[in-house]
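Enquirer: give me a model of this one.
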Amino acid sequence: MSFTQLIKNSLLHINKLKEAKSINFSKITLFVVLLSFIMTLPLSYQVISVFHDIQKDGQTIAQKIPDFTITDGQIQTENTEGFIYQTDSIIFTFDPEGKRTAKEVSDDMIGNLFSVGLLKDELVISLPTNEITTALMGGSQFTFSYDEEQLSGLSGSSVRDFLTNTQFPAWMYLIVLLVTFYPSFLNLLLTLFTTALIANIYSHFKRVSYRFFDNLKVTIACASWPVLIASLISLFFFNFDSFTFIIISTFFIYTIAIKDSKKIEP
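Expert: You can find the predicted model right below:
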């Protein structure tokens, strides 16, 4: 069976899927990669949606930022009071009077993606506190003094321009797809192995002469429609239990696929 035939049979000819047991592992591995990319789409869509929400919220905040300059490492404004502005993803603090601390800016973050503070003498960025941010970045709160060279030209107009005009580059979408592929691939692999174990028990019960790896190949071939349907549902319901759905539906298709397989003589 060729790779093209495998795809065609998995979508149109369930009764031929038992033939997948004779396909070589390079083709079946490529098929798992293809299914994994399909499973990646809902997660990638969610991540990209978050990026767009952040971009939109940043443009909203840009309209609130007053004119200011940095002089001697401190924010200088004309008769402008500080304020706190909250969106769905960002809590933004502007405090040219030095009334708030970096800790208070971090403590403001409840249910938001991150908190940003332009304080009197430093820029504060706080991310959610969890194992991922600690492992990757060494912490969840980052402070940058205005004395640092990269912030020397900071001003109200430059911040507004940055938030208003910054667009996510096209390569960012590819990065998102590649990053989300890894957990999707592992999750699907675990799902397929679990289903194959159930299928292996079932084939022995039905006295079908399939080894475990035969059952694994046939199970993978049976997973096309379950993966497609689960991915489509997950686009609209992100908390959908695709793991259980794929196991049950793939096993159901598997039972149909091997129905006419040759049985071991008693």
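Enquirer: what helices or strands is the helix or strand T219 falls within leaning on?
Expert: Here T219 sits within helix 212-221, counting by DSSP states H and E. For helix 212-221, the packing partners by 3 or more Cβ pairs under 8 Å, 6 or more residues apart in numbering; DSSP states H and E come out as helix 3-12, helix 25-62, helix 170-205, helix 242-257. C-betas here are computed from N, CA, C, even on glycine.
Enquirer: quick one: average pLDDT of that helix?
Expert: Taken as a whole, helix 212-221 has a mean pLDDT of 92.
Enquirer: contacts for it, please.
Expert: Identification of contacts with helix 212-221 by Cβ atoms under 8 Å, 6 or more residues apart in numbering yields 6, 9-10, 17-18, 20-21, 23, 28, 31-32, 35, 192-193, 195-197, 199-200, 203, 210, 250-251, 254, 257-258.
Enquirer: out of the helices and strands packed on helix 212-221, deepest packed?
Expert: Among the helices and strands packed on helix 212-221, the stretch with the highest mean neighbour count (mean count of other Cβ atoms under 10 Å) is helix 242-257, at a mean of 19.
Enquirer: once you drop chain neighbours, what's closest to the most centrally placed residue in the chain?
Expert: Nearest to the geometric centre of the chain sits L43, at 4.2 Å (Cα atoms, centre = their mean). Of all residues not flanking L43 in the chain, T180 sits nearest, at 4.4 Å (Cβ to Cβ, 6 or more residues apart in numbering).
Enquirer: ok, P42 next?
Expert: In space, P42 is closest to S234, 3.7 Å off (Cβ to Cβ, 6+ apart).
Enquirer: low pLDDT regions in this protein?
Expert: Applying pLDDT under 70 to the chain flags the ranges 111-112, 129-139, 261-266.
Enquirer: so where do the helices sit in the stretch 51-200 of the chain?
Expert: 102-107, 131-137, 156-165, 170-205 (DSSP state H, counting those that start in this stretch).
Enquirer: T164: which of the helices and strands packed on helix 212-221 is closest?
Expert: helix 25-62 (4.8 Å; Cβ to Cβ).
Enquirer: how far does stretch 248-265 sit from the chain's center?
Expert: With Cα atoms, centre = their mean, to the nearest Å as the basis, stretch 248-265 stands 34 Å off its chain's centre.
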